[in-house]
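# Fold the following and give me the result.
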Amino acid sequence: MEKFAKARELFRDIVDLKNYVPLSTSEKTKQDLLNAINQKEKIVLLTGEAGSGKSLLLRSVYDELKGKKVFFVSNPYLEIDSILELLKNLDINDHHILLLDEAQLLESKTWENLRIYADRGNVTIVFATHDTDIKKLLEKKHFSTRINYIIKVKPVSFEEMKNFIITKLLKNDLHEIVDMLDNKNFKKIYSFTKGSLRATNQLMYKLFDVVDFFYKKNPKKFEKKIDNKYIEIAIMDLRAK
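A predicted model of the protein is given here:
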C-alpha cells in the first residue's frame, strides 16, 4: 500500500508550515506571543523542552506577521554579525520585530549585546530557547529585570496528540489509515511521546516505515487495524539509536 509510504513522509521531522496543526495549546501560546509583540515589549522568551514545537510555532507567528517589519532567523549563531548590524541600523522611530530561533546557541556576550539594542525601544526581540538555558539566563540580574514575558510551550495533551496525527492524515486524504488506528494505538503512542510533537513525528515516521515493510511481506495483516506490536517495534528501534 503506497499510502503507508505517503503517511510516513507526513511525519518527517522538519520545520515546515505545511505541517502546522492548530492545536488548542499551541494556538493559545501563539496568541500570547502575538499579544506581547503587539504590545511592543522589548524582550520575550519563548521556552519549552526540545521537541515541544517552538520552531514551528515561531514560523507560524512569522507567517502571520508578514507585512510588518519582522525578521526571522533560524540559526542566529551563524548570522549574529548580520543581526547586530541590522539592529544598529534600524530606524529608531519605527517598531521592528526580531524572531530568533535556537537562541540557546548564542554566547553570553551576544545576549548582552542584543539586550542593549532591545533597550532602545524600537524592537521586540523574541528568543526561542530551551527550558534548561532559561535558568542560566535569569541568574543574570541585568536580564531578569528586563524580560517582559516568558511564554512556555507546553507538551500537548493526549487528545491533542491524537488530533495532531488524525488531522495530518485526513488533510492528505488518508482516511483509510485513520480507520486503521484505534484508541489503544494512540495510548501506546502517547506513552512514548508524552506530549512531545517532535517525538510524535519521529514515532509516526518510524511506525509507517515499519508497517510499510511488513505490509509488503503480508498485505492481509493490514486490512483492518494496525496492531500495537508494530508501534512497539518502532519504539524499540528509536530507543536503540
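# State the next helix or strand along the chain beyond the longest helix anywhere in the chain.
Ranked by number of residues, the top helix in the chain under DSSP state H is helix 197-217. Remark: after helix 197-217, the chain's next helix or strand is helix 228-240, criterion DSSP states H and E.
# Off-centre distance for that next one?
23 Å (C-alpha atoms, centre = their mean, to the nearest Å).
# could you give the angle of it to helix 197-217?
Put simply, helix 228-240 runs at 120 degrees to helix 197-217, going by axes from the mean of the first three to the mean of the last three C-alpha atoms, to 10 degrees.
# Any buried residues in the longest helix of the chain, and which?
Residues of helix 197-217 classed as buried: 197-212, 214-215 (neighbour count, 16 or more other C-beta atoms under 10 Å). To be clear about C-beta, it is placed using only N, CA and C from the backbone, and glycine gets the same treatment.
# Same check on stretch 221-230?
For stretch 221-230, burial by neighbour count (16+ other C-beta under 10 Å) applies to 222, 226, 230.
# Show residues contacting that stretch.
Residues from elsewhere that reach stretch 221-230 (C-beta atoms under 8 Å, 6 or more residues apart in numbering): 1, 180-182, 184-185, 188, 207, 210-211, 214-215.
# Let me have the buried residues of stretch 221-230 in TSV, extended by distance to Q31 and pLDDT.
Listed next are the buried residues of stretch 221-230 as TSV, based on distance: C-beta to C-beta, whole Å; pLDDT from 0 to 100:
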residue	distance to Q31	pLDDT
F222	40	80
I226	35	94
Y230	38	96
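# quick check, nearest of the residues you listed to V70?
Ranked by distance to V70 (C-beta to C-beta), these are led by I226 at 42.1 Å.
# ok, and what's touching the longest helix of the chain?
Applying C-beta under 8 Å, 6+ apart, the contact partners of helix 197-217 are 1, 4-5, 7-8, 10-13, 19, 50-53, 56, 156, 161, 164-165, 189, 192-193, 221-222, 226, 230-231, 233-235, 237-238.
# Could I get the CA-only coordinates of it as CSV?
Extracted C-alpha coordinates of helix 197-217, given in CSV (Å, rounded to 0.1, in the frame of the first residue of the first chain):
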residue,chain,number,x,y,z
LEU,A,197,5.3,16.8,19.0
ARG,A,198,8.8,16.0,17.8
ALA,A,199,8.7,12.6,19.4
THR,A,200,5.3,12.1,17.9
ASN,A,201,6.6,12.9,14.4
GLN,A,202,9.6,10.6,14.9
LEU,A,203,7.5,7.7,16.2
MET,A,204,4.8,8.0,13.5
TYR,A,205,7.5,8.2,10.8
LYS,A,206,9.2,5.1,12.1
LEU,A,207,5.8,3.3,12.6
PHE,A,208,4.7,3.8,9.0
ASP,A,209,8.2,2.8,7.8
VAL,A,210,7.8,-0.5,9.9
VAL,A,211,4.2,-1.1,8.7
ASP,A,212,5.2,-0.5,5.0
PHE,A,213,8.0,-3.1,5.4
PHE,A,214,5.7,-5.8,6.9
TYR,A,215,2.8,-4.9,4.5
LYS,A,216,4.9,-5.8,1.5
LYS,A,217,5.5,-9.2,3.1
